[in-house]
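**Student:** coordinates for the following, if possible.
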Amino acid sequence: RGAQIRLRDVAAIRISDGPPMLKSENARLSGWVYVDLHGRDLSSAVRDMQRAVAQEVKLPPGYSISWSGQFEFLERATQKLKIVVPATLVIIFVLLYLIFRRFADALLIMATLPFALVGGFWLLYLLAYNMSIASAVGFIALGGVASEIGVVMLVYINQAISARTTEGKLSNQSELIEGIVEGAALRVRPIAMTVAVIIAGLLPIMWGSGTGSEVMRRIAAPMVGGMITAPLLSMFVIPAAYLLIRGPRARGKSAAAHSIEPTSA
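**Tutor:** Numbers count the residues shown, from 1 in each chain. The predicted model follows:
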C-alpha cells in the first residue's frame, strides 16, 4: 500500500511517428491515400494504379484495398449509363416508329446514327479527350439531334415520292432517283441553318474557361464534331439507303396506280 511503481516496469515507452488520428470505416481501422491527378483521365489512371498495386503489394491476412472518392462515383455513373444508353436507343426507335408507322423507316434512321456519331469520336480523338461520363452525355444529345435531322430528311423524301407516285412519274429508276434528290434537296438549307446555330452555341462552351469548364468541354465536343458529319452523312446515306430499301416498293406502287386509272368511254 502506497508503494510506487516505475512506468518502465509495466510498459514500454518509445517515441515514433504516427497518424494524428485513427480513422475507421465499418468498424475497421482504415488508412487513406490521396491522389491528385494532372493530365490524366481518372478511369485510366485508376486502372494503372490497380494493376501496379496488384503486382507489387502483397496484403497480409485481414487487410483489403478499396478505391473510393471520385472513382467510386464514376463507377456508379458508368453502371447507370449501361442502362440509360440502351433505354435511350429504344425510346428513339419507338418514337421513330410512331412517326413513320413503318419498321423499315425507323430502322433506316437508327442505322444511320453510327455514321452521324463518327464526327464526335474524331473530335474527341483530336482533342485528346478520353471517353467519360460527360462525353457519353454529349453523345446521347448528339444522337437525338442526328435522329431529328434524319427524320426531317426522310419525311421530305417520302412526300416527294408520294407526290410522284400519285402523278404517275415513278415508272423507272431515273425518275425514282429524281424524286429522292428532289426531297433531299429541300432540306439542305434548313439543315445547314440548324447546324450553324448549334455549332455557334457550342463553340463558346468548347473554348470557355472557369469552374466546370472541363466537364462542359467534354459534353460539347461530341456534339460539335457530330454536327459536322451528321448533316453530310445524312444527306448522302439516307437517300442512298432509301433507294435500296424502298425503291422496288415505290416502283411497284407506281405501276399499280397506272393499272387502276379509269379509261374514257
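**Student:** show me the contacts for residue 81.
**Tutor:** Contacts for residue 81 (C-beta atoms under 8 Å, 6 or more residues apart in numbering) come out as 133, 136. Bear in mind the C-beta positions are built from the backbone N, C-alpha and C, glycine included.
**Student:** that one belongs to a helix?
**Tutor:** Yes: assessed with DSSP: H, G, I helix; E, B strand; the rest coil, residue 81 lies in a helix.
**Student:** distance of it relative to residue 199?
**Tutor:** Distance, residue 81 to residue 199, using C-beta to C-beta, to the nearest Å: 25 Å.
**Student:** what does residue 243 give?
**Tutor:** Taken as C-beta to C-beta, the span from residue 243 to residue 199 is 30 Å.
**Student:** ranges for the helices of the protein?
**Tutor:** Using DSSP state H, the helices of the chain run over 42-56, 70-100, 103-126, 133-167, 173-185, 188-206, 213-259.
**Student:** the last one vs helix 133-167, what angle?
**Tutor:** Relative orientation of helix 213-259 with respect to helix 133-167: 20 degrees, computed using axes from the mean of the first three to the mean of the last three C-alpha atoms, to 10 degrees.
**Student:** and helix 213-259 with helix 188-206, angle?
**Tutor:** 170 degrees.
**Student:** before we move on, what about the fifth one?
**Tutor:** Between helix 173-185 and helix 188-206, the angle comes out at 40 degrees (the same axes, to 10 degrees).
**Student:** can you list contacts of helix 173-185?
**Tutor:** With C-beta under 8 Å, 6+ apart, helix 173-185 has contacts from 153, 156-161, 163-164, 169-170, 235, 238-239, 242-243, 247, 250-251.
**Student:** do the first one as well
**Tutor:** Judged by C-beta under 8 Å, 6+ apart, the contacts made with helix 42-56 from elsewhere in the structure are 35, 37, 65, 67, 70, 71, 74, 130, 132.
**Student:** ok, those residues vs residue 139, which is closest?
**Tutor:** residue 132 (10.7 Å; C-beta to C-beta).
**Student:** neighbours of the closest one, how many?
**Tutor:** Residue 132 sits with 20 neighbouring residues when counted by other C-beta atoms under 10 Å.
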